[in-house]
Structure formats: C-alpha cells, structure tokens
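> model this:
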Amino acid sequence: MTKLNHPIRTSVVSTALVASLAFTPALGENVSAKANASSSDAGSSVEASETSLLKQGDRSEAVESVQSELASQGYYTYNLDGIYGPITKDAVEDFQSDNGLAVDGIVGPETKGALSLSGDQTEAKSETETQPETMNLNSTSSGSPSDSDVVATAESLIGESYTFGGETPSEGFDSSGFINYVFEQNGINLSREHADMWTSDGEHVDSPSVGDVVFFEATYDKEGASHSGIYIGNNQMIHAGTEETGVEVADMNIDYWQDRYLGAKSFD
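Okay, the predicted model is just below:
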C-alpha cells in the first residue's frame, strides 16, 4: 500500500526538553513507533485485526483446520481443502446458528472458541461411547493400484466434473454414476443407486482390497448406503466428490469417512 510522505518540520527544542528525552529512552522509542505507524497505511490496525478472521475467499491451513473441526462435528461434509468457499461458509453459519452466535459466516475469535469447545466435548463423548462399527482398512491385497483394471479406469477419470445425475465423462458424474461407469468399462453392470449396490450386488468383504467398493451412510438425509468410492489402497479411495472437486482421491482416515463407514464389497 502507498505510504504517505510527511514534510519534515524544523523547530527549536529547549535544553530542558533534550535532557528530558535523554533520560527517558523508552518514551522516545514509543513516540518513534507511533510516528512510524501514523506514516504507514492508515488502515494498518484494521488489517491486523482482519488477519485473525477467516471468511469466504480465504485459502490457508487455518481454513482447513476449521473445516476439520466442522467435519468432526457433522457440519462440514466435503473435502478438507483449505478453501473457504460457499460450502464452508454454509457450514460455519449452521454452526453459528446452533451455538447462539452471530450468523455471519465469518470465523472470528468467538466462533473459533466455540468450535474448539464443541470439539473437545464431542471427543470426550465419543471416548465414552461404544462405536457400532469401525473401519477395517487392513487390505488383504498385496498388489498396488496399478494391478487393478478397475482402479486404472477410475484413475483415468480423476478431474472429471461432478454433475447430479451424471453418468458419463461428457456430462459429468454423480457419485453412484461414477461407480457404474467405471465397472461398465470393465464388463460389470451394477445397480444405479448406492443402496441397491450395497444390498443386491457383489459380495461383502471384511476389509477392502484394491478395486473393491467402499460404502458410507448418512452422507445426506437418506437411509442406508448413500455414497461409495473405489478403494485404491493406502486407506484412499477415488470417488465423485462435490461440484467443487469433481472426481478425486480422498483420504478415508479422516473422521468424516470413519464415522460414516458402512463396509466394503467386491464386484469381481
């Protein structure tokens, strides 16, 4: 930002004043600091305070940390990408509304404090409850993702767009449309919806191997399996995520997926 240049004024300083300043170095330093501040951008104090705020359009590790907190408490259901977009803003506003905060979609000190407190309470509660099922990701396959034709097809589609109801690369994919397309390319026809794949197709397995499909529930307001991805090893999957991310690789170790894991199936 442009700094304002002030003209230098000369004045006569009394001997007494010089002596006074000589014996009060701390005061002199403070005066100098204030003089420098006044000669810099007039909005510097506002800028300093704004750096502690997170709002739509920001991109940082701090945003990713907020997304992680929101995800662990069920408000944020997408990728931890550090991008403060409209989905993150909506999640922040929902949290603020539920916790009696000003609903502005901006993460300031009060919202950060409430997130941290709620996160501690959620963690303490989860430690005292018995989880109905945990994700077992000890893959029984000794191969690598390149050993699977299904995975190779899925990898070739990374970066394709997300479109609700989409079933092809040209129109984009929704989550179940992506699974259907990948397996169709490998000669396997599956049910169109996640719930039907889970109940009717393939075989249930105790832990996923490369090329299997991993299923999740409660990813939105629907009973049973509501999302799935193709397991590629190392606790990762390829899935059609959101309109913001499209087809992508996702880390299944994060709390969001762990809490919603339903199981795995083989469609060989």
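> host element of residue 199?
If you go by DSSP states H and E, residue 199 is part of helix 194-200.
> List the buried residues for that helix?
By neighbour count on 16 or more other C-beta atoms under 10 Å, the buried set for helix 194-200 is 194-195, 197-198. No exception for glycine: its C-beta is placed from N, CA and C like everyone else's.
> following that helix, which helix or strand shows up next?
Sequence-wise, the next helix or strand downstream of helix 194-200 (DSSP H and E) is strand 203-205.
> residue boundaries of the helices in this structure?
If DSSP state H is used as the criterion, the helices of the chain fall at 15-22, 25-39, 44-50, 61-72, 86-98, 109-128, 149-156, 175-184, 194-200, 255-260.
> Now do the last one: distance to the chain's middle.
Distance of helix 255-260 from the chain centroid (C-alpha atoms, centre = their mean, to the nearest Å) equals 13 Å.
> What helices and strands are in contact with that helix?
Where contact means 3 or more C-beta pairs under 8 Å, 6 or more residues apart in numbering; DSSP states H and E, helix 255-260 is packed against helix 61-72, strand 213-217.
> Alpha carbons of that helix, as PDB, please.
Taking only C-alpha atoms (Å, rounded to 0.1, in the frame of the first residue of the first chain), the coordinates of helix 255-260 have been written out as PDB:
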ATOM      1  CA  ASP A 255     -13.200 -38.600  10.900                       C
ATOM      2  CA  TYR A 256     -15.900 -37.800   8.400                       C
ATOM      3  CA  TRP A 257     -15.400 -41.000   6.500                       C
ATOM      4  CA  GLN A 258     -14.500 -43.100   9.600                       C
ATOM      5  CA  ASP A 259     -17.800 -42.100  11.300                       C
ATOM      6  CA  ARG A 260     -19.900 -43.000   8.200                       C
END
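> ok, and what's touching it?
68, 71-72, 76-77, 134-135, 216-219, 227, 250-252 (C-beta atoms under 8 Å, 6 or more residues apart in numbering).
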